[in-house]
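Enquirer: sequence plus the predicted model coming up.
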Amino acid sequence: MPQSAMSLAHWGAFTADVAAGDITSVTPPSGDADPSPLLGNLPGSIRHRSRIAGPAVRRGWLRDGPGPSTERGADEYVAVSWDELTELLADELRRVVDTYGNEAIYGGSYGWASAGRFHHAQSQVHRFLKMLGGYTSSRHSYSLGATGVIMPRVVGTHDDLFKRSTDWNVIAEHTDLMVSFGGVALKNTGTNHGGTTTHPARDALRRMRSRGGQIVSLSPLRDDVDGECRWLAPVPGTDVAVMLALAYVLATEGLADLDFLDIYCTGYPRFERYLLGRDDGVAKTPQWASRLSGLPVAELTALARQMAACRTLITVSWSLQRVRHGEQAPWMGLTLAAMLGQIGLPGGGFGHGYGSMNEPGLPPLRCGLPALPQGANPVQTFIPVAAVTEMLLRPGQPFDYNGRQLRYPDIKCVYWAGGNPFHHHQNIPRLRRALARVDTIVVHDPYWTAMAKHADIVVPSTTAYEREDYSGSRNDPLLVAMPALTPPYADSRDDYTTFADLAGRLGFGGQFTEGRTARQWLVHMYEKWSAGLDFDVPSFDEFWTAGQLRLPTDSDLTLLADFRADPTAHRLATPSGRIEIFSHTIDGFGYPDCAGHPRWYEPTEWLGGERARAYPLHLLANQPATRLHSQLDGGATSQSSKVQGREPIRIHPDDALARGLGDGDVVRVFNDRGACLAGVVIDDRLRPAVVQLSTGAWFDPADPSDPDAMCVHGNPNVLTDDVGTSTLAHGCTGAHVLVQIEKYTDTLPPLRAHEPPVIRTR
């Protein structure tokens, strides 16, 4: 095994030093101007105490057989051999399919399991389940559940908003004013789906500022923009009201580009009636928005005028659509940009997700990437990804989604590989009750996450650094070889080997493997991919020896520039072929929570509502600065941020003083859904009455047998409401929640989040 080799993680390329079966240190490549600190979580990760050492089966399931159980999450496990696990799992899958049909299997597996192109957990499990006869699937993501539905209706695309967004170099050279709703948080630009080798955002913003460009950040958190900016801190959840007020100024002061709205958009007059209050009697004036948002009238008016006077880019972070009515913020942001008439001009227009991931602003590849063939899913049943608890608790019940009426299937087996819904999903107490009603839960994972601890059958997977692979991203110029850095830990196996054995037991082993080893698949995928390219690439062996391959990209893009240049030749994939400020399609659905044009809906969780009387602090559950989601929470970088071992919660000095809190105290954060402990960090870079507790601390219940138990580690999803963004999309709403905080004065409970459960041998 190599003692030093280059590899790739979601948060960057690196060279690793390896000793005694583990990574001891990592070094980013010299060409990366702003490497992610998340690389610091890798040393010690392969042999971490939370690794799953071998196959295991929950004792109650082994004793009683498949069936609903409230013991999940609290039971002990029995170590079994690989042969026994394979036989048990094959028999259970055959039982479920023969008795209930393939629709009864939910192939969840949502998560960022691996940067690899072949050993990607979702690809492996979905290929396997399709060959088994299919499975109930999910659509969209927790990050972009609302955007993934609304934007294709409005602008004809979802992916191109990120894949072909305005280039960071264009922003640096041409943008005079970046108005960022939700900020541009550089902590999030460290990561990309398939790995990332360059981080240009920080330098691009520096260059923009150096030529006189300005950033206006509208966020309750000052550090949602690093460096100089004009910080406007609205009441959380009022961004759409602020956008409407800016639009009102443009409309009433003759600053809207009516020619652009007429040529490139449809439905603006209908929207303007609402904006001016002709339909509902409420003009969306700066005075109206000020009462909701707390921002000064003069500030809003001046900002609207400044936006119209210079080259302005309107950006909306992904966090703004992870709330109730989350469809409205990106739709209204696009509408505001359309009123300015700068969409398609260098440095102007609209952007979605700058500061949300290291993809927007990066040049896209001119080609695809090697991929494991998935095949078609014979089962057509699906759910929006954030509706998993609804599905498990309401089998057979109908629901509306994006213009269709669907039905929740009756799931008997949940099959999860490479993901941790206890990080992503809202209202963990409700999720735990939902998981208790199925017959069998299967989890593939390298680590004893909360999801693994709720499994009946636990399959120990290798990490990306214990197997050979290669990876890249659609907005990154390098395909990177990923040699195995160490042998597999203990008795873990890569998922391909597991599924190949299972497929063999179930009678389709040859179809699944096609007679190839994992290494042969890497060669096959590479050669099939390279044969379809219009440029020369080296042989696989040459690529593997070199360790990387640079691919051509489309640089200096401006979002929708081709549409602006010729709206007929480059018509959008909407019914009108134009930007739909008013959508007859959405209007025709008749949904009470998503009208035919962007509008203000009062949030259910906000400081202006009745609920704030009982829970007067607005908690923002944003992405952490010290890890990707919940990945490697036990790593050094993640652990360095903890306070007395708990996830840190930031609180304004005024709110801390009112509660008698000091830095380093442990507090109980609670509402009527649940409670968690967190460690206090007093910080004036928040709006008063706002607290911030990142997602991703591994769920650690004080009493594992109690679904309502307090999380002693600081997972905010014990607090969030399990309700979708709207009838249209059913996206995740876990970013905002109202809470109360009090100092925790009892003896601190022990932390067991990263400890394995009890495992017995028979």
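Expert: Great, that's in hand. Numbers count the residues shown, from 1 in each chain.

Enquirer: quick one, what contacts residue 221?
Expert: Contacts here follow Cβ atoms under 8 Å, 6 or more residues apart in numbering; on that basis residue 221 touches 183, 233, 620, 622, 685-687, 690, 692. Using the backbone N, CA and C atoms, a C-beta is placed for each residue, glycine as well.

Enquirer: from the residues you listed, which two are the most distant?
Expert: Pairwise distances across these (Cβ to Cβ) peak at 14.7 Å, for the pair 233 and 622.

Enquirer: where does residue 111 land on pLDDT?
Expert: At residue 111, the predicted lDDT confidence score is 70.

Enquirer: the closest residue in space to it that isn't next to it in sequence - how many residues pack around it?
Expert: Distance criterion Cβ to Cβ, 6 or more residues apart in numbering; nearest residue to residue 111, sequence neighbours excluded, is residue 419 at 2.4 Å. Residues contacting residue 419 under the criterion other Cβ atoms under 10 Å number 24.

Enquirer: what does residue 282 give?
Expert: Neighbour number of residue 282 under other Cβ under 10 Å is 12.

Enquirer: before we move on, what SS does it have?
Expert: coil (DSSP: H, G, I helix; E, B strand; the rest coil).

Enquirer: what of the one 5 residues further on?
Expert: Here residue 287 is helix, with the state taken from three-state DSSP.

Enquirer: I'd like to know how many residues surround the closest residue to it other than its chain neighbours.
Expert: Leaving aside its chain neighbours, residue 287 sits nearest to residue 297 (5.5 Å; criterion: Cβ to Cβ, 6+ apart). Around residue 297 sit 15 other residues, with neighbours defined as other Cβ under 10 Å.

Enquirer: just the pLDDT for residue 297.
Expert: 98.

Enquirer: that one touches residue 286, doesn't it?
Expert: Yes. Look at residue 297 against residue 286 with Cβ atoms under 8 Å: they come within range, at 4.5 Å.

Enquirer: re the thing from before, by neighbours, which of the contacts of residue 221 wins?
Expert: residue 183 (28 neighbours).

Enquirer: mind listing what it touches?
Expert: Residues in contact with residue 183 (Cβ under 8 Å, 6+ apart) are 217-219, 221, 224-225, 317, 355.

Enquirer: in those, find the pair that's most separated.
Expert: 218 and 355 (12.5 Å).

Enquirer: in space, what's closest to the residue most central in space within the chain - neighbours in sequence excluded?
Expert: The centroid of the chain falls nearest to residue 143 when counting by Cα atoms, centre = their mean (3.3 Å). Spatially, and ignoring its direct neighbours in sequence, residue 143 is nearest to residue 318 (5.6 Å; Cβ to Cβ, 6+ apart).

Enquirer: again with residue 87
Expert: residue 505 (6.8 Å).

Enquirer: please identify the helix or strand for the one you found.
Expert: For residue 505, the element it lies in under DSSP states H and E is helix 495-506.

Enquirer: mean confidence for that helix?
Expert: 98.

Enquirer: just to revisit the earlier point, show me the contacts for the residue nearest to the centre of the chain.
Expert: 318, 322, 356-357, 732.

Enquirer: pull the most distant pair out of the residues you listed.
Expert: The most widely separated members of the contacts of residue 143, counting by Cβ to Cβ, are 357 and 732 (15.4 Å).

Enquirer: and the lowest-mean-pLDDT helix or strand in the chain, what's buried?
Expert: The weakest-scoring helix or strand in the chain, judged by mean pLDDT, DSSP states H and E, is strand 4-9 (a mean of 84). For strand 4-9, burial by neighbour count (16 or more other Cβ atoms under 10 Å) applies to 5-9.

Enquirer: could you check the distance from the closest residue in space to residue 512 that isn't next to it in sequence over to residue 116?
Expert: Spatial nearest neighbour of residue 512, excluding adjacent residues (Cβ to Cβ, 6+ apart): residue 503 at 3.8 Å. Residue 503 sits 20 Å away from residue 116, taking Cβ to Cβ, to the nearest Å as the criterion.

Enquirer: looking at these two, which is more packed in?
Expert: residue 116 (24 against 20).

Enquirer: the more buried one and residue 465 touch, don't they?
Expert: No. If you go by Cβ under 8 Å, residue 116 and residue 465 don't touch, sitting 10.2 Å apart.

Enquirer: OK, contacts around the residue nearest to residue 512?
Expert: 128, 131, 509, 511-513.

Enquirer: which of the residues you listed has the most neighbours?
Expert: residue 128 leads the contacts of residue 503 on contacts (other Cβ under 10 Å) with 24 neighbours.

Enquirer: that one is in what secondary structure piece?
Expert: Here residue 128 is assigned to helix 121-132, by DSSP H and E.

Enquirer: quick check: angle from that helix to helix 495-506?
Expert: If you take axes from the mean of the first three to the mean of the last three Cα atoms, to 10 degrees, helix 121-132 sits at 10 degrees to helix 495-506.

Enquirer: JSON lines for the contacts of residue 221, including distance to residue 470 and pLDDT?
Expert: Putting those into JSON lines (distance: Cβ to Cβ, whole Å; pLDDT from 0 to 100) gives the following:
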{"residue": "183", "distance to residue 470": "34", "pLDDT": "97"}
{"residue": "233", "distance to residue 470": "44", "pLDDT": "98"}
{"residue": "620", "distance to residue 470": "37", "pLDDT": "98"}
{"residue": "622", "distance to residue 470": "32", "pLDDT": "96"}
{"residue": "685", "distance to residue 470": "41", "pLDDT": "97"}
{"residue": "686", "distance to residue 470": "42", "pLDDT": "97"}
{"residue": "687", "distance to residue 470": "45", "pLDDT": "98"}
{"residue": "690", "distance to residue 470": "43", "pLDDT": "98"}
{"residue": "692", "distance to residue 470": "37", "pLDDT": "98"}
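
Enquirer: for the stretch 401-550 of the chain, just list every one of the helices.
Expert: Secondary structure of the stretch 401-550 of the chain (DSSP state H, counting those that start in this stretch): helices located at 421-424, 428-435, 450-453, 495-506, 509-513, 518-531, 540-546.

Enquirer: nearest to residue 409, of those?
Expert: Among the helices of the stretch 401-550 of the chain, helix 428-435 sits nearest to residue 409 (Cβ to Cβ), with 13.4 Å.

Enquirer: tabulate the CA atom coordinates of that closest one in PDB.
Expert: Coordinates of each C-alpha in helix 428-435 appear next as PDB, following Å, rounded to 0.1, in the frame of the first residue of the first chain:
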ATOM      1  CA  ILE A 428     -36.400  13.200  14.800                       C
ATOM      2  CA  PRO A 429     -39.000  12.100  17.400                       C
ATOM      3  CA  ARG A 430     -41.500  11.700  14.600                       C
ATOM      4  CA  LEU A 431     -38.900  10.000  12.400                       C
ATOM      5  CA  ARG A 432     -38.100   7.500  15.100                       C
ATOM      6  CA  ARG A 433     -41.800   6.600  15.500                       C
ATOM      7  CA  ALA A 434     -42.000   6.200  11.700                       C
ATOM      8  CA  LEU A 435     -39.000   3.900  11.500                       C
END
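
Enquirer: just how off-centre is that helix within its chain?
Expert: 20 Å (Cα atoms, centre = their mean, to the nearest Å).
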